[in-house]
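**Q** compute the structure for the input listed below.
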Amino acid sequence: MESLQHQFISSNISRFRILVNNTADYNISGILYNEYYQLTMSFQGIREFFSSLEQFFDSVNFPQHTHQHRSFGAPSDKEKVVPIPLQKGIHSPKTGKKATFTMHVQFRQNATWQGTLQWLEGKQTERFRSELEMLKLMINAIDFSNENDGLVDWE
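**A** Predicted coordinates:
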């Protein structure tokens with residue numbers, strides 16, 4: 001594992017390419033790629049997507065939280081390292097099977113993220129003010145019309 005504690009951190013560290021490869025059961029899975037550190041990680045579901053990125057941002061301490069995590073235990077002096085699921089030097093494909101995005105998280109304020117999301121196939125860029133708003137932009141870009149989950153539909 002590589003320590004990132006004493007390295008210079010560019011704002012590009014919080015820029016990720018998101019390759020959505022699967023949308024089974026109205027959930028997304030795919031690959032996250034950070035070009036700055038050439039780090040690749042896969043995610044299986046929205047929950048893992050957000051927790052992996054949050055863990056990464058915490059490990060590099062950028063963008064910094066406006067609210068600090070608090071606990072009743074003694075403070076930890078553990079050195080921050082790149083999370084285990086991340087692998088260095090693996091080059092990611094250019095596009096996802098279902099959709100491709102470039103996400104740049106610029107701030108983590110009010111216990112959520114703010115930044116920009118670029119949908120590469122649609123050639124559109126939008127700002128988001130929260131993780132939920134970013135997720136809604138992603139879902140609106142992905143075509144879920146071929147999903148056959150057996151559930152009743154409004155139509």
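**Q** give me the helices and strands touching the longest helix along the chain, please.
**A** Longest helix of the chain, by residue count under DSSP state H: helix 46-60. Applying 3 or more Cβ pairs under 8 Å, 6 or more residues apart in numbering; DSSP states H and E, one finds that helix 46-60 contacts strand 29-34, strand 39-44, strand 99-109. For every residue, glycine as well, the C-beta is placed using N, CA and C.
**Q** so how many other residues sit close to residue 123?
**A** Around residue 123 there are 7 other residues, counting by other Cβ atoms under 10 Å.
**Q** what's the per-residue pLDDT of it here?
**A** pLDDT for residue 123: 94.
**Q** what values do phi and psi take at it?
**A** Main-chain dihedrals, residue 123, degrees, to the nearest 10: phi 50, psi 50.
**Q** picking that back up, pull the CA atoms of the longest helix of the chain into CSV?
**A** The C-alpha coordinates for helix 46-60 follow below in CSV (Å, rounded to 0.1, in the frame of the first residue of the first chain):
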residue,chain,number,x,y,z
ILE,A,46,-24.8,2.2,-5.5
ARG,A,47,-24.0,1.7,-1.9
GLU,A,48,-20.5,0.3,-2.7
PHE,A,49,-20.0,3.1,-5.2
PHE,A,50,-20.6,5.8,-2.6
SER,A,51,-18.7,4.1,0.2
SER,A,52,-15.7,3.3,-1.9
LEU,A,53,-15.4,6.9,-3.1
GLU,A,54,-16.0,8.3,0.4
GLN,A,55,-13.3,6.0,1.7
PHE,A,56,-10.9,7.2,-1.0
PHE,A,57,-11.6,10.9,-0.3
ASP,A,58,-11.0,10.3,3.4
SER,A,59,-7.7,8.5,2.7
VAL,A,60,-6.3,11.4,0.7
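**Q** identify each buried residue in that helix, please.
**A** Neighbour counts over helix 46-60 (16 or more other Cβ atoms under 10 Å) mark 46, 48-49, 52-54, 56-57, 59-60 as buried.
**Q** turn those into JSON lines, columns for distance to residue 106.
**A** JSON lines is the format used below for the buried residues of helix 46-60 (distance: Cβ to Cβ, whole Å):
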{"residue": "46", "distance to residue 106": "21"}
{"residue": "48", "distance to residue 106": "23"}
{"residue": "49", "distance to residue 106": "18"}
{"residue": "52", "distance to residue 106": "19"}
{"residue": "53", "distance to residue 106": "13"}
{"residue": "54", "distance to residue 106": "15"}
{"residue": "56", "distance to residue 106": "15"}
{"residue": "57", "distance to residue 106": "11"}
{"residue": "59", "distance to residue 106": "18"}
{"residue": "60", "distance to residue 106": "14"}
